[in-house]
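[1] Turn this into a model:
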Amino acid sequence: MPCANVKDCSCPDTSCPRHSKCCACAVKHRTTDSLPFCFFPDNGGDKSVANYYKKLSGRFGA
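    Model (predicted):
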């Protein structure tokens, strides 16, 4: 069944079967406690929620 929510994708991993399939990508990352590349492209390869918080803290001085 094709995904009804297919968008232009900023993720560099074009070999991923979920590339451009936002719904499937969100489900996958929710189950792995990580965030999609499009949420923060300056992740340095670490897409963990902890790294996201660290990046946001640095950006907003919290």
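
[2] where do the helices sit along the chain?
    Assigned by DSSP state H, the helices in the chain fall at 22-31, 49-60.

[3] Which of those helices comes out lowest on mean pLDDT?
    Among those, helix 49-60 carries the lowest mean pLDDT, a mean of 86.

[4] just to revisit the earlier point, redo the helices of the chain as JSON lines? Include mean neighbour count and distance to C38.
    In short, each C-beta sits where N, CA and C put it, glycine included. Shown next, in JSON lines, are these (neighbours: other C-beta atoms under 10 Å; distance: least, C-beta to C-beta, whole Å):
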{"stretch": "helix 22-31", "mean neighbour count": "15", "distance to C38": "8"}
{"stretch": "helix 49-60", "mean neighbour count": "12", "distance to C38": "12"}
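
[5] The residue nearest to the spatial centre of the chain and C16: what is the separation?
    Nearest residue to the geometric centre of the chain (C-alpha atoms, centre = their mean): P36, 0.6 Å. According to C-beta to C-beta, to the nearest Å, P36 and C16 sit 10 Å apart.

[6] Are there residues contacting both of the two? Which ones?
    Counting by C-beta atoms under 8 Å, 6 or more residues apart in numbering, the residues touching both P36 and C16 are C25.

[7] Would you reformat the helices of the chain as TSV and include distance to D8?
    What follows is those, written out as TSV (distance: least, C-beta to C-beta, whole Å):
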stretch	distance to D8
helix 22-31	10
helix 49-60	22
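
[8] Looking at the ones you listed, which is nearest to A4?
    Of all the helices of the chain, it is helix 22-31 that lies closest to A4, at 7.5 Å by C-beta to C-beta.

[9] Give me the neighbour count for the residue nearest to S34 when sequence neighbours are not counted.
    In space, and not counting its chain neighbours, S34 is closest to K47: 4.3 Å by C-beta to C-beta, 6 or more residues apart in numbering. K47 has 17 neighbours, counted by other C-beta atoms under 10 Å.

[10] so K47 sits right up against H29, yeah?
    Yes: here K47 reaches H29: they are 7.3 Å apart, a contact under C-beta atoms under 8 Å.
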